[in-house]
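Undergrad: Let's see this in three dimensions:
(2 chains)
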Amino acid sequence: MSETIRSNGFTNQVLGWKAWLPTLDLNTASPEQIAVLEESHPQAKTSDYYLTLGHHPDILRQRSLAFNAIMYAPGGLSRAERELASTVVSRINQCVYCASVHAQRFEQLAKRNDVIREIFADPATAGTSEREKAIVQFSIDLTLNPAEIDAGHIQTLREHGLDDGQILDLIHAIAIFAWANRLMLNLGEPVFPGA
Amino acid sequence: MSSTTANAVAPDVLDSLLDIQPGTALHGVRHAREKVAMATQGSHDLFFADDLGNNLSLTERTWVAYFAARLTPQETLRAYYLASLQSQGIAPHDLALIDAGKLDELDDARLAAILRFTRTLIESPVHGDQAALEALQHQGLSTEEIVVLAQLIAFLSYQVRLAAGLSALSATGAV
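TA: Residues are numbered from 1 along each chain as shown, chains lettered A, B, ... in the order given. This is a model prediction of the structure:
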């Protein structure tokens, strides 16, 4: 990490996350629960988040299939732009933990964090290019006012160079963070370094 | 609407509701990300299975879905979940109370607590806290039920936005 950003309660520091519910005990977990944890994330067996979701392994499996296909599939919208959208959605939903994780991923992929600083300061004006501003604005709009999304929003994205496959990838990245943010915000809380 | 032969795989809910027909450009775009479409439908099938093990009843889960789509609002999914509730034989009085947001007047205190949690997560997820989980525990929900409920509401937050985005793409005529 090149430099630490702290702004409006958001940060690109590495944070922990603590569950509010009892987590799965690996000593008594079923083989299926263990298998789903291993499919979901490399560190799932030591993560309070995955050990909470592991209480219902079938649902966790489908969530992880969707999440990993949306965020990591090759082609289409660049992975950095998917992480950009995820960071904006997390900033809007005020998920400090998610914003931190996805700010770091954006920076790893894009080798810069200028737009992250802008998103944390004021998402409504963030974006270092016209294309980036269009992606940020659509991420805000679909997060806050899904009922108002119409053909005009799609047309604006096309005008900024996104093809329809990239637009679908963007919609997926925004929508999956409506899902992820709610789990992270409502089943536990972030833990700050030194806390 | 898409059709399938008897015993075939259940049709994709979003393709059916949004009339995304095989052979169209949008169908091609969507199913180029087949793993996402499959996991979206796979999640939907799990959340609305008749029996989800020792867990929330199908009617409770469908109330959550209806209320979430109504609050968002996402009209296509609202109508879809309402039709599902009506096929399950819900009381018109309960529907009127829920539509009016009068959750405190429901006879079923467990359902009222479930729907209060739904409202918080849909409208202002940052305001969910440990006390919100304790309110569910107070109504007898187990840890597993609370995890499933949070996953369900979070999934619905995803599904309504995906439906909104696909509808907008459909309205432009995907190229």
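Undergrad: mind giving me the domain split of chain A?
TA: Taking automatic domain parsing as the domain assignment, the record places the domains of chain A at A:16-72, A:76-185.
Undergrad: Next, count neighbours for the nearest residue to A:Asn93 once chain neighbours are set aside.
TA: Of all residues not flanking A:Asn93 in the chain, A:Asn181 sits nearest, at 4.2 Å (Cβ to Cβ, 6 or more residues apart in numbering or on different chains). (C-beta placed from N, C-alpha, C; glycine too.) Neighbour count of A:Asn181, defined by other Cβ atoms under 10 Å in any protein chain shown: 27.
Undergrad: for A:Asn181, what are its contacts?
TA: Applying Cβ atoms under 8 Å, 6 or more residues apart in numbering or on different chains to A:Asn181 gives the contacts A:89-90, A:93, A:95, A:98, B:125.
Undergrad: ok, now B:Pro73?
TA: By Cβ under 8 Å, 6+ apart, B:Pro73 lies in contact with A:Ala147.
Undergrad: same deal with A:Glu159?
TA: Contacts of A:Glu159 by Cβ under 8 Å, 6+ apart are A:Ala134.
Undergrad: Find me the pLDDT at it, would you?
TA: The score at A:Glu159 is 98. That number is its pLDDT.
Undergrad: returning to that earlier point: just the domains of chain A: most buried one?
TA: Looking across the domains of chain A with neighbours counted as mean count of other Cβ atoms under 10 Å in any protein chain shown, the highest average goes to domain A:76-185: a mean of 21.
Undergrad: what's the closest of the contacts of A:Asn181 to A:Gly127?
TA: The shortest approach to A:Gly127 among these belongs to A:Val89, at 14.7 Å (Cβ to Cβ).
Undergrad: what's that closest one in contact with, if anything?
TA: Applying Cβ under 8 Å, 6+ apart, the residues near A:Val89 are A:139, A:143, A:173-174, A:177-178, A:181.
Undergrad: Which residue, other than its chain neighbours, is closest to residue 142?
TA: As the question left the chain open, I've gone with chain A. Among residues not flanking A:Leu142 along the chain, A:Ile174 sits closest, at 4.8 Å (Cβ to Cβ, 6+ apart).
Undergrad: wait, I meant chain B there
TA: B:Asn54 (7.6 Å).
Undergrad: Could you check which helix or strand contains the spatially most central residue of chain B?
TA: Residue closest to the average C-alpha location in chain B (Cα atoms, centre = their mean): B:Ala65, at 3.4 Å. Counting by DSSP states H and E, the element that carries B:Ala65 is helix B:58-71.
Undergrad: Extract the C-alpha set from that helix and format it as CSV.
TA: Taking C-alpha atoms only, helix B:58-71 is exported to CSV below (Å, rounded to 0.1, in the frame of the first residue of the first chain):
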residue,chain,number,x,y,z
LEU,B,58,-41.8,-20.4,2.6
THR,B,59,-44.6,-17.9,3.5
GLU,B,60,-42.2,-16.0,5.8
ARG,B,61,-39.6,-15.9,3.0
THR,B,62,-42.1,-14.8,0.4
TRP,B,63,-43.4,-12.0,2.7
VAL,B,64,-39.8,-10.8,3.0
ALA,B,65,-39.4,-10.8,-0.8
TYR,B,66,-42.6,-9.0,-1.4
PHE,B,67,-41.9,-6.3,1.2
ALA,B,68,-38.3,-5.8,-0.1
ALA,B,69,-39.5,-5.4,-3.7
ARG,B,70,-42.3,-3.1,-2.5
LEU,B,71,-40.0,-0.9,-0.5
